[in-house]
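Novice: Pasting the sequence and the predicted coordinates here, then a few questions.
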Amino acid sequence: MPELPEVETTRRGIRPHIEGQTLLGAVVRQRRLRWPVPAGLDRTVAGQRLLHVSRRAKYLLLELEQGTLLIHLGMSGSLRILPPETPAGAHDHLDLLFPDCLLRLRDPRRFGAVLWTREPVADHPLLRHLGPEPLGDTFDGAWLHQAAAGRRSAVKNLIMDGRVVVGVGNIYANEALFLSGILPSRASGRIARQRYDRLAGTIRQVLSAAIEQGGTTLRDFQQEDGRPGYFAQELRVYGREGQACPNCDAPILQRRIGQRSTFYCRYCQR
DNA sequence: AAATTCTCCTGAAGGC
DNA sequence: TGCCTTCAGGAGAATT
């Protein structure tokens, strides 16, 4: 499932192929996603130049001359640069057509989204209330600590709350908490400022490391096999129930927090 | 207001 | 081998 590093890696992979190009149009084969793909998308985008490919949280933003396409990959979405006229397969929802290539969205589980807005994209309802970027300047331990004040729910839920900080999915939440030595179930408001400094640091660390790994496996996006970046990265606890903790060799435990699988070491995390 | 639950969907994995 | 069940998960919406 694409987490922030996969989305950023995708952005870096597709950008050189399409930025500055003028869209010839779009082919929508399947409108059903989280929300329906906007009607008339082909006519909307045809003839517009793609000015910039950026990212906010896990949303990819394709800024055109008269508006912005927001693309979310959900759990199973992928974007590929392909030669024009490449035959489509099952679950290929959408092609954006450029003179020398096409950008294809495939999303088997349809948790993704494609939306169009003419308004300033930062004002879009889906983006308006989002918290800081984890790799940006305003995200740090002080921010987490104030966001946690008075909250009694698990710290894992706090760092996965998009209003607090964006882009921390289940895998990297588990990893960052392990590296911080913080128990995922600990009440947010009962964690010292100093520990939040460390947590902010490990969140940055796991996300940047994954982006770097993605970058190394993604030299040529056209030939990329679509492997998610976290396969390249060594995961210390996620998906490792019963296996030895990298620190102390005790078995990694699994439980559910906020409906999500949570992995941790009961000795190394407090 | 904060916290929890529900919901979308389908591929993968596990059980028999 | 194959059918059936269960699970996973991003994040907005609904509910408590």
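Specialist: Looks like it arrived, so ask away. Numbering: from 1, shown residues only, chains lettered A, B, ... in the order given.

Novice: A:Phe263 sits in which helix or strand?
Specialist: Per DSSP states H and E: A:Phe263 is located in strand A:260-264.

Novice: Name every strand pairing with that strand and say which way it goes.
Specialist: Strand pairing for strand A:260-264, determined by DSSP bridges: strand A:253-257 (antiparallel).

Novice: buried ones in the partner strand?
Specialist: Within strand A:253-257, the residues that count as buried by 16 or more other C-beta atoms under 10 Å are A:Leu253, A:Gln254, A:Ile257. In short, each C-beta sits where N, CA and C put it, glycine included.

Novice: got it, and stretch A:158-174?
Specialist: A:158-161, A:164-174.

Novice: with the residues you listed in mind, which one is nearest to A:Ala147?
Specialist: For A:Ala147, the nearest member of the buried residues of stretch A:158-174 is A:Val164. The distance, counting by C-beta to C-beta, is 4.6 Å.

Novice: Just want to check the distance between that closest one and A:Leu73.
Specialist: The spacing between A:Val164 and A:Leu73, counted by C-beta to C-beta, to the nearest Å, is 21 Å.

Novice: can I get the buried residues of strand A:253-257 in TSV with distance to A:Arg55 and pLDDT?
Specialist: As requested, the buried residues of strand A:253-257 are arranged in TSV below (distance: C-beta to C-beta, whole Å; pLDDT from 0 to 100):
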residue	distance to A:Arg55	pLDDT
A:Leu253	34	93
A:Gln254	31	92
A:Ile257	27	92
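
Novice: Output those residues in CSV; the columns should cover distance to A:Asp123.
Specialist: Rendered in CSV, the data for those read as follows (distance: C-beta to C-beta, whole Å):
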residue, distance to A:Asp123
A:Leu253, 43
A:Gln254, 40
A:Ile257, 33
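
Novice: picking that back up, next one: the strand holding A:Phe263, is it in contact with DNA strand B?
Specialist: No: when contact is scored as C-beta under 7 Å from any atom of the strand, no part of strand A:260-264 falls within range of DNA strand B; the minimum is 9.1 Å.

Novice: Next: stretch A:126-138.
Specialist: No: with C-beta under 7 Å from any atom of the strand as the criterion, DNA strand B is not reached by stretch A:126-138; the gap is at least 11.2 Å.

Novice: Buried ones in that stretch, by neighbour count?
Specialist: Applying 16+ other C-beta under 10 Å to stretch A:126-138 flags A:Leu126, A:Leu127, A:Leu130, A:Gly131, A:Pro132, A:Glu133, A:Pro134 as buried.

Novice: still on that earlier bit, which member of the buried residues of strand A:253-257 is positioned nearest A:Arg34?
Specialist: Distance ranking of the buried residues of strand A:253-257 against A:Arg34, using C-beta to C-beta, places A:Ile257 first at 24.0 Å.

Novice: my guess is the closest one contacts A:Ser185, does it?
Specialist: Yes: under the criterion of C-beta atoms under 8 Å, A:Ile257 lies in contact with A:Ser185, with a separation of 5.8 Å.

Novice: Identify the contacts common to these two.
Specialist: Counting by C-beta atoms under 8 Å, 6 or more residues apart in numbering, the common neighbours of A:Ile257 and A:Ser185 are A:Ala154, A:Lys156.

Novice: can you pull the buried residues of the lengthiest helix in chain A?
Specialist: Here the longest helix in chain A is taken by residue count, with DSSP state H as the criterion, and it is helix A:193-217. Neighbour-count burial for helix A:193-217 flags A:195-196, A:198-200, A:202-204, A:206-207, A:209-211, A:213-215 (criterion: 16+ other C-beta under 10 Å).

Novice: Kindly report the same for stretch A:42-56.
Specialist: Taking 16+ other C-beta under 10 Å as the basis for neighbour counts, the residues of stretch A:42-56 that come out buried are A:Asp42, A:Thr44, A:Val45, A:Gln48, A:Leu50, A:Val53, A:Arg55, A:Arg56.
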